[in-house]
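*Asks:* here are the coordinates; sequence isn't available:
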Ligand code: SF4
Ligand code: SF4
């Protein structure tokens, strides 16, 4: 069995660690490139959301590289994601590929049951090894996310453009290949130190933006044209409101976070509407109240829950007097006009800060 | 004086109007609807909603604005979460009252009744009381009103199964006399959300155009449950959108039964669920190859001329296959 799966930010690192920990051969999907995207676009329904298209591109590239088993997450709705796998499977069959597809519906209750289901696909694997591999994978994920959070602040202060990103990528690769917890910790320490050394620039006006929106767009930099990097390089500190670790933990357990979201969104959106619609509204309110300079919502073109959220957070923006910019992405989102929008948003935020300084 | 409840003529109006009307009238309210969809209503909706919103939701918002301008005491904007066990509607329905409230200013109070049968019907009993109490403080009367409204819904659904479209069935229940489905000789399954084909303005009179070209039109709502369930047997995994499931499974059923001459699916530009179900249907029909299939997308810019040409070509194809036209 040669396993593959879709890319989604650091998911690759985690799944690779986990499967290799139980001696299952992995065919990593090649890194997402424009080629991946155009393959995906070619075989996907025109109006399906962007993650679907990129996933499909990943599958095709990995199958071409010899993978024979695809692992995909499922769902019970109401969002399209819950039926992605089924539709993609039919597409790949029509394209003539021979493969096996394992679609895992997210756990409704206990994580243990979920892991048991997963392990039923791998009868030769010892339960104990699997658990060990899983725990180490989770540790990596937590470190990787922590490291990225630091990056999104520090890169706004980098001394020479591009250096921080290089350092980050170098250490992420090391984290990916780390063999044990001890190694992991020391890589993190060293990497953070390096990031800090190269990020000591200070500004009169330091802008802070929170990034909200659809989960895949948040986690996979390719899909959002690496918006965090663009914002950082404009000197803006970024707080991303979703990380893989939060996502997995939240879909595995019904956590207090849900309650927190409902509290923040109250008065604007009174229930979960699928996808990350509720998160988007809640986080917009939350970071508006934390006095961030602005909010940016990112989501795939035609994303149903985010379109509902977009209408609603426009109201939050005027009620709480905070600029909100909504950006939707598809394969046609060009770099040119797009960069101008980011710069214009930055100018707007700066002007507002200047006005406030004069007031006091 | 009785209170005026406005019901927007959009989205699930076409599936539940008789029921909703009966409920509010039994509670002593006066029910008014918005006007038929027209350019102004669509323009208002388009202006108010964010760009990427699907046309049916934009239109619905236009209808809400129409009611606001007419002046009513309440506007009924239900939060329809689920109309059958373990199945949902799309996110837009789940957040509809929130969306409307945040988009449209100076609204009269909204009745955001939650309609949720996801875990069975216990929940509804409480919700009915909550809404009923806006009008009367009499639990047994409210329960009666609900029972009566359910009865109306059953009658409505029976009329539709006899071969009347949802719009026709609504008219019949309002006392109009109509003849059953046309005498068309080509049986066409029109697979779509009711609001995509029942709103004559949005669909540019699609159903009547087809009938005039000699089609006997079967809409998703006319198809018997057991047929849909038969189609569902062919699914890899049960589908969690009820209307999307009806569409997809009717389509799957007709591939087995071959009881229609052609299949047309209609969806709104940018519709989330339809992007998936349409793709699956198209694949099935292509693989099978025995029944012509066409899919139509509607948006604010769809032109009548283009639509007519496509329909005519499709009908010609069906006639040619029946041997009525020589190539
Ligand atoms: S959340 Fe948005 S992008 Fe994700 S599956 Fe749903 S519609 Fe598509
Ligand atoms: S099902 Fe499609 S057309 Fe209907 S509200 Fe949802 S996105 Fe719009």
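*Replies:* Alright, I've got the coordinates. Everything numeric in this text was worked out from a predicted model, so none of it was measured. Ligands and ions are numbered 1, 2, ... in the order given.

*Asks:* hey, let's count contacts and neighbours off CA atoms from now on
*Replies:* Fine.

*Asks:* residue of chain A with the smallest distance to ligand 2?
*Replies:* residue A:304 (6.2 Å; Cα to the nearest ligand atom).

*Asks:* what's around that residue, how many residues?
*Replies:* Number of residues near residue A:304 (other Cα atoms under 10 Å in any protein chain shown) recorded here: 30.

*Asks:* Residue A:351 too?
*Replies:* Using other Cα under 10 Å, residue A:351 has 12 neighbouring residues.

*Asks:* Quick check: the gap between it and residue B:120.
*Replies:* The gap separating residue A:351 from residue B:120 is 54 Å, by Cα to Cα, to the nearest Å.

*Asks:* Helix, strand, or coil at the closest residue to ligand 1 within the stretch 151-300 of chain A?
*Replies:* Closest to ligand 1 within the stretch 151-300 of chain A is residue A:275: 3.9 Å, counting by Cα to the nearest ligand atom. With DSSP: H, G, I helix; E, B strand; the rest coil as the basis, residue A:275 sits in coil.

*Asks:* returning to that earlier point: quick check: the residue of chain A closest to ligand 2 vs ligand 1, distance?
*Replies:* Remark: distance between residue A:304 and ligand 1 (Cα to the nearest ligand atom, to the nearest Å) = 5 Å.

*Asks:* thought that residue was touching residue B:91?
*Replies:* Yes - between residue A:304 and residue B:91 there is a contact under Cα atoms under 8 Å: 6.1 Å.

*Asks:* overlap in contacts of these two?
*Replies:* By the contact definition Cα atoms under 8 Å, 6 or more residues apart in numbering or on different chains, residue A:304 and residue B:91 are jointly contacted by residue A:79.

*Asks:* And the helices in the stretch 51-200 of chain A?
*Replies:* Taking DSSP state H, counting those that start in this stretch as the criterion, the stretch 51-200 of chain A contains helices spanning A:81-94, A:111-120, A:127-154, A:163-177, A:181-197.

*Asks:* Could you chop the chain up by domain?
*Replies:* I'll assume chain A. For chain A, automatic domain parsing gives the domain ranges A:2-125, A:134-202, A:205-360.

*Asks:* if you could check chain B rather than the one you did, that'd help
*Replies:* Chain B breaks down by automatic domain parsing into domains covering B:4-161, B:182-322.

*Asks:* In JSON lines: those domains, plus mean pLDDT, mean neighbour count and distance to residue A:285.
*Replies:* Output for those, formatted as JSON lines (pLDDT from 0 to 100; neighbours: other Cα atoms under 10 Å in any protein chain shown; distance: least, Cα to Cα, whole Å):
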{"stretch": "domain B:4-161", "mean pLDDT": "95", "mean neighbour count": "20", "distance to residue A:285": "14"}
{"stretch": "domain B:182-322", "mean pLDDT": "94", "mean neighbour count": "19", "distance to residue A:285": "26"}
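
*Asks:* Who are the contact partners of residue B:117?
*Replies:* Residue B:117 neighbours (Cα under 8 Å, 6+ apart): B:81, B:82, B:83, B:84, B:85, B:86, B:123, B:124.

*Asks:* I'd guessed the fifth one sits against residue B:115; true?
*Replies:* No - taking Cα under 8 Å as the definition, residue B:85 is not a contact partner of residue B:115, at 11.8 Å.

*Asks:* quick one: the residue of chain B found nearest ligand 1 from residue B:96, how far?
*Replies:* Nearest residue of chain B to ligand 1, counting by Cα to the nearest ligand atom: residue B:272, 6.1 Å away. For residue B:272, the distance to residue B:96 equals 15 Å [Cα to Cα].

*Asks:* repeat for residue A:63
*Replies:* Between residue A:63 and residue B:96 the distance, using Cα to Cα, works out to 41 Å.

*Asks:* cool, and residue B:121?
*Replies:* According to Cα to Cα, residue B:121 and residue B:96 sit 21 Å apart.

*Asks:* same thing with residue B:178?
*Replies:* 33 Å.

*Asks:* Likewise for residue B:71?
*Replies:* Using Cα to Cα, one gets 21 Å for the distance from residue B:71 to residue B:96.

*Asks:* Tell me what the residue of the stretch 101-250 of chain A found nearest chain B is bridged to.
*Replies:* Nearest residue of the stretch 101-250 of chain A to chain B (Cα to the nearest Cα) works out as residue A:103 at 10.1 Å. On the basis of DSSP bridges, residue A:103 is bridged to residue A:72.

*Asks:* Could you list which residues are in contact with it?
*Replies:* Neighbour list for residue A:103: A:71, A:72, A:73, A:74, A:85 [criterion: Cα under 8 Å, 6+ apart].

*Asks:* try it again with 10 Å
*Replies:* Neighbour list for residue A:103: A:70-75, A:82-86, A:89, A:118 [criterion: Cα atoms under 10 Å, 6 or more residues apart in numbering or on different chains].

*Asks:* go on, residue A:16?
*Replies:* Taking Cα under 10 Å, 6+ apart, we find residue A:16 in contact with A:3, A:4, A:5, A:24, A:25, A:26, A:27, A:28, A:133, A:137, A:176, A:177.

*Asks:* One more: residue A:194?
*Replies:* A:164, A:167, A:168, A:171, A:188.

*Asks:* Which member of the residues you listed is positioned nearest residue A:223?
*Replies:* residue A:168 (18.9 Å; Cα to Cα).

*Asks:* Show me where the stretch 51-200 of chain B has its helices.
*Replies:* Assigned by DSSP H, counting those that start in this stretch, the helices in the stretch 51-200 of chain B fall at B:55-70, B:91-94, B:96-103, B:122-132, B:139-161, B:166-173, B:194-198.

*Asks:* With respect to residue B:317, which of these lies nearest?
*Replies:* So among these, helix B:194-198 is nearest, using Cα to Cα, at 22.0 Å.

*Asks:* Could you identify the helix or strand that succeeds the closest one?
*Replies:* Where DSSP states H and E defines the elements, the next helix or strand beyond helix B:194-198 is helix B:206-212.

*Asks:* on that earlier part again, ok, which pair from the contacts of residue A:194 is furthest apart?
*Replies:* For the contacts of residue A:194, with distances taken as Cα to Cα, the pair at the greatest spread is A:164 and A:188 (14.5 Å).

*Asks:* Have a look at those two and say which one is more surrounded.
*Replies:* residue A:164 (24 against 19).

*Asks:* isn't that one right up against residue A:200?
*Replies:* No - counting by Cα atoms under 10 Å, residue A:164 stays clear of residue A:200, with 11.3 Å between them.
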